[in-house]
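[1] here is a sequence with its predicted model. Questions after.
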Amino acid sequence: MYSRIAGTGSYLPDQVVTNFDLEKRMDTTDEWIRTRTGIERRHLAAPGQTTVDMAEHAARRAIEAAGVTPAEIDFIVFGTTTPDLVFPNCGTLLQARLGARGCPAFSVETACSGFIYALSIADKFVKAGEAKCALVVGAETLSRITDWNDRNTAVLFGDGAGALVLKPTAEAGILSTHLHSDGEYKDLLYVESGVSRGFEVDPATNKVNIGIKMAGSEVFKVAVTKLGAAVDEALAANGLEKSAVDWLIPHQANIRIIGAMAKRLDLPMEKVILTVQDHGNTSAASVPLALDTGVRDGRIKRGDLLLLEAFGGGFTWGSALVRF
Ligand code: COA
């Protein structure tokens, strides 16, 4: 038994902030942002619009594309590090919106790898016969933890949501997933406050300190090394050559990291689903946003071999090799 992707969906909030808009708010330029990251614009959630609000749009689109009803969903796993509430978790909040009452629903908190972790978990439940219609979500409102006074990070992030529905199948499907984590790298990328540790108030601004702290160039180097090993691992585990990959669907953080992965796979950039220019780094939402983009615009076809990969704070990272 395997699991297969039955349908995909995504959602970006209406408000678009371009690099030129950011030029007016901080000491940066469109040229700097585009050449260093590939980002041209990002979408920001409206005031009051939450992670689950966006996830509901993406989930309903994925459910419709899969040709199922919300009531058929029997497993929900939700990748996010920007939850609406401390509890109930976002999976359970989404479950109530969809009316899929009673099934297991939970979130995983592995930053930008949240969707790959969620997909791996759901795949195991479907393969084991314990879920027949699993909803996998990645959604974030990173704008709420972005320090808009820090040009090193503020230009990188955006809000959005993506989702897919997994169903059982006799033929693959998801061929393999590989997950990794190494907490020794915590200081290179982290959020400075949390519930248990406490929220500190900045005496200068009288605001809660909940900004993203990042050593950008160090993150860059580790991401390229770890993701490189992860794509090799995915192919080796399935006895496949690089040439078998039809589409690379990477975490959309930085076009230069993505380019390095494409090079490692000997893939031309035309074989990479690239959306970073349109929404920046949306953390757990970025891989399903890219996947849904490639599916809906017709580039990704049934039978194609997809390599999904992501890297995030922790560090956490992972891959999924998928026959679509
Ligand atoms: N606009 C203009 N200048 C900026 C800037 C901005 N938004 N942000 C930083 N700079 C400046 C720095 O202050 C530095 O100036 P200095 O040389 O006078 O000190 C200069 O640009 C170069 O900074 P550096 O950090 O060396 O640039 P970089 O080439 O490493 O690019 C990142 C910075 C953040 C784009 C890059 O390191 C990166 O993408 N890292 C990975 C981040 C990531 O993917 N994080 C998420 C992982 S899930």
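    On my side now, so go ahead. Numbering: from 1, shown residues only.
[2] CA atoms for contacts and neighbours, from now on please.
    Noted.
[3] how far away from the center of its chain is the helix or strand hosting Val136?
    Assessed by DSSP states H and E, Val136 sits inside strand 134-141. Offset of strand 134-141 from its chain centre (Cα atoms, centre = their mean, to the nearest Å): 8 Å.
[4] likewise for stretch 302-320?
    That offset, for stretch 302-320, works out to 9 Å (Cα atoms, centre = their mean).
[5] touching stretch 121-131 from outside, list them.
    Stretch 121-131 is contacted by residues 1-3, 74-77, 132-136, 166-168, 174 when judged by Cα atoms under 8 Å, 6 or more residues apart in numbering.
[6] counting neighbours, which bits of the strand holding Val136 end up buried?
    Neighbour-count burial for strand 134-141 flags Ala134, Leu135, Val136, Val137, Gly138, Ala139, Glu140, Thr141 (criterion: 16 or more other Cα atoms under 10 Å).
[7] quick one on the thing from earlier: which of the contacts of stretch 121-131 are buried?
    2-3, 74-77, 132-136, 166-168, 174.
[8] now do the strands in the stretch 151-300 of the chain.
    Remark: strands assigned in the stretch 151-300 of the chain by DSSP state E, counting those that start in this stretch are 159-169, 174-181, 189-191, 201-202, 207-208, 212-214, 247-250.
[9] rank the ones you listed by pLDDT, which is bottom?
    Per-stretch averages of pLDDT across the strands of the stretch 151-300 of the chain put strand 207-208 at the bottom, with a mean of 78.
[10] now for that one, which elements pack on it?
    In this structure, strand 207-208 makes packing contacts with strand 201-202, judged by 3 or more Cα pairs under 8 Å, 6 or more residues apart in numbering; DSSP states H and E.
[11] list, one by one, the residues from the chain near the ligand.
    28-29, 32, 36-37, 112, 151-152, 155, 216-217, 219-220, 253-254, 311-312 (Cα under 6 Å from any ligand atom).
[12] give me the subset of those lying in helices.
    Trp32, Arg36, Thr37, Arg151, Asn152, Gly216, Ser217, Val219, Phe220 (DSSP state H).
[13] tell me how many other residues crowd the nearest residue to Asp147 once chain neighbours are set aside.
    Closest residue to Asp147 apart from its sequence neighbours, by Cα to Cα, 6 or more residues apart in numbering: Gly211 at 4.8 Å. By other Cα atoms under 10 Å, 21 other residues sit near Gly211.
[14] with Val201 instead?
    When neighbours are counted by other Cα under 10 Å, Val201 comes out with 13.
[15] what ranges does this structure have for its helices?
    So, for the chain - with DSSP H - the helices run 19-25, 30-37, 51-66, 90-98, 114-127, 151-154, 216-237, 255-264, 276-279, 286-296.
[16] what's near enough to touch the residue most central in space within the chain?
    Among the residues of the chain, the one closest to the centroid is Ala284, at 2.6 Å (Cα atoms, centre = their mean). Counting by Cα under 8 Å, 6+ apart, Ala284 touches Gly79, Thr80, Thr81, Ala111, Cys112, Ser113, Gly114, Phe115, Gly138, Ala139, Glu140.
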